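A.B. asks: For reference, the sequence and a predicted model appear below.
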Amino acid sequence: MVSSLKELIDEPELGHSNDPEERFISSGVSWESYESLLAKLENNSHYRVNYLDGILEIVSPSIRHEKIKTNLGMLLERFFYSKRIRFVP
């Protein structure tokens, strides 16, 4: 299993960034290479992988993104509870 984007792409210089969100974009990627990458990732849900017309994008959401997502979910949960609206999170 892959534990970091840097390990995944085997290019250490791409891992140094001021933004805590990791992002890698490459063009000219074949469909076979994309499928091979998906096989390497197996069941790793940490990375978001997008492919369109030979352009590959791999993103690892930042901690800030995850906190906003969690807070928004809690806010919606409280709203539904206060309005007695049934929902499935």
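C.D. replies: Noted; the coordinates are in hand.

A.B. asks: Out of the helices and strands in the protein, which is least certain?
C.D. replies: helix 5-9 (a mean of 57; mean pLDDT, DSSP states H and E).

A.B. asks: Skip ahead from it and say which helix or strand is next.
C.D. replies: strand 22-26 (DSSP states H and E).

A.B. asks: What is that next one packed up against?
C.D. replies: With contacts taken as 3 or more CB pairs under 8 Å, 6 or more residues apart in numbering; DSSP states H and E, strand 22-26 sits against helix 5-9, strand 55-60. Where C-beta positions appear, they are placed from N, C-alpha and C, glycine not excepted.

A.B. asks: Check the burial of residue 46 by counting its neighbours.
C.D. replies: By the criterion of other CB atoms under 10 Å, residue 46 has 14 neighbours.

A.B. asks: List the contacts of it.
C.D. replies: residue 60 (CB atoms under 8 Å, 6 or more residues apart in numbering).

A.B. asks: Repeat that for the one 10 residues further on.
C.D. replies: Neighbouring residues of residue 56 by CB under 8 Å, 6+ apart: 24-27, 29, 33-34, 37, 49-50.

A.B. asks: Dump those residues into JSON lines; add pLDDT and neighbour count as well.
C.D. replies: Shown next, in JSON lines, are these (pLDDT from 0 to 100; neighbours: other CB atoms under 10 Å):
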{"residue": "24", "pLDDT": "89", "neighbour count": "18"}
{"residue": "25", "pLDDT": "94", "neighbour count": "11"}
{"residue": "26", "pLDDT": "94", "neighbour count": "14"}
{"residue": "27", "pLDDT": "95", "neighbour count": "9"}
{"residue": "29", "pLDDT": "94", "neighbour count": "16"}
{"residue": "33", "pLDDT": "92", "neighbour count": "14"}
{"residue": "34", "pLDDT": "93", "neighbour count": "15"}
{"residue": "37", "pLDDT": "90", "neighbour count": "18"}
{"residue": "49", "pLDDT": "91", "neighbour count": "15"}
{"residue": "50", "pLDDT": "92", "neighbour count": "11"}
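
A.B. asks: No further queries at this time; thank you.
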